[in-house]
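Visitor: The following block contains a protein sequence and its predicted model.
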Amino acid sequence: MIELPIVDELDVNGWDLRKALQLFRKSNSPLLEWLGSPVVYMENGSFTARLRELAPISYSPVACMYHYFKMAKGNFREYLRGDRVRLKKYLYVLRPVLAVIYLERGLGQVPTQFSKLLDGVVEDIALRRAVDNLLARKMVGQELDDGPAIWRSANFINGN
């Protein structure tokens with residue numbers, strides 16, 4: 001794993017070529033998300049383009065679903081137990097839950113952009129408003145605040 005300290009707004013990490021190809025072969029969700037990311041700092045165009053071209057061939061929805069389910073379960077257990085929770089932790093659980101639903105519906109590879117994932121999965125207007133409100137609060141710096149459980153998001157995550 002290649003990881004550099006976060007400097008300003010740059011959060012740089014990745015894998016060496018051998019490890020990246022091993023992960024690619026296993027349909028590694030974080031690597032697939034990286035390939036689909038609209039944010040690119042630097043790229044070897046031909047190599048990355050070829051990986052993107054081959055992604056549908058090596059893509060396994062079952063492997064990805066297992067990854068997202070395990071992530072949602074672990075994040076829920078770690079972050080959303082109790083009467084008060086840190087607001088941004090809802091997103092740590094919502095994203096993988098929505099990804100599982102996306103995969104269950106056979107919509108293809110999970111989009112990297114959260115807004116596209118929401119558009120593809122969330123039909124309930126009240127839930128969408130609650131998630132949009134949470135995202136807006138995060139954008140203005142309230143992401144670290146803690147507060148009482150957000151009932152609409154909590155009910156969705158709990159399957160109610």
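Guide: Received, thanks.
Visitor: Check the offset of whichever strand or helix holds residue 62 from the chain's centre.
Guide: Element membership for residue 62 (DSSP states H and E) is helix 61-79. On the basis of C-alpha atoms, centre = their mean, to the nearest Å, helix 61-79 sits 10 Å off its chain's mean C-alpha point.
Visitor: The residue nearest the centre of the chain in helix, strand or coil?
Guide: Nearest to the geometric centre of the chain sits residue 95, at 4.8 Å (C-alpha atoms, centre = their mean). When states are read from DSSP: H, G, I helix; E, B strand; the rest coil, the local structure at residue 95 comes out as helix.
Visitor: How about it: what's its closest non-neighbour residue?
Guide: Once flanking residues are discounted, residue 95 sits nearest to residue 114: 6.3 Å by C-beta to C-beta, 6 or more residues apart in numbering. Where C-beta positions appear, they are placed from N, C-alpha and C, glycine not excepted.
Visitor: Pop out the phi and psi values for that neighbour.
Guide: Dihedral angles of residue 114 (phi, psi; degrees, to the nearest 10) stand at phi -60, psi -40.
Visitor: ditto for the one 4 residues further on
Guide: Per-residue torsions, residue 118: phi -60, psi -50 (degrees, to the nearest 10).
Visitor: What of residue 85?
Guide: Its backbone dihedrals place residue 85 at phi -140, psi 160, with angles given as degrees, to the nearest 10.
Visitor: Show me what the helix holding residue 62 is packed up against.
Guide: The criterion is 3 or more C-beta pairs under 8 Å, 6 or more residues apart in numbering; DSSP states H and E, and the helices and strands that helix 61-79 contacts are helix 29-36, helix 88-104.
Visitor: Using CSV, please lay out those helices together with mean pLDDT.
Guide: Below are these laid out as CSV (pLDDT from 0 to 100):
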stretch, mean pLDDT
helix 29-36, 90
helix 88-104, 91
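Visitor: Now distance to residue 54 too, for the ones you listed, in JSON lines please.
Guide: Putting the helices and strands packed on helix 61-79 into JSON lines (distance: least, C-beta to C-beta, whole Å) gives the following:
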{"stretch": "helix 29-36", "distance to residue 54": "10"}
{"stretch": "helix 88-104", "distance to residue 54": "20"}
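Visitor: For the chain, which element, helix or strand, carries the lowest mean pLDDT?
Guide: Among the helices and strands of the chain, helix 151-157 carries the lowest confidence by mean pLDDT, DSSP states H and E, at a mean of 58.
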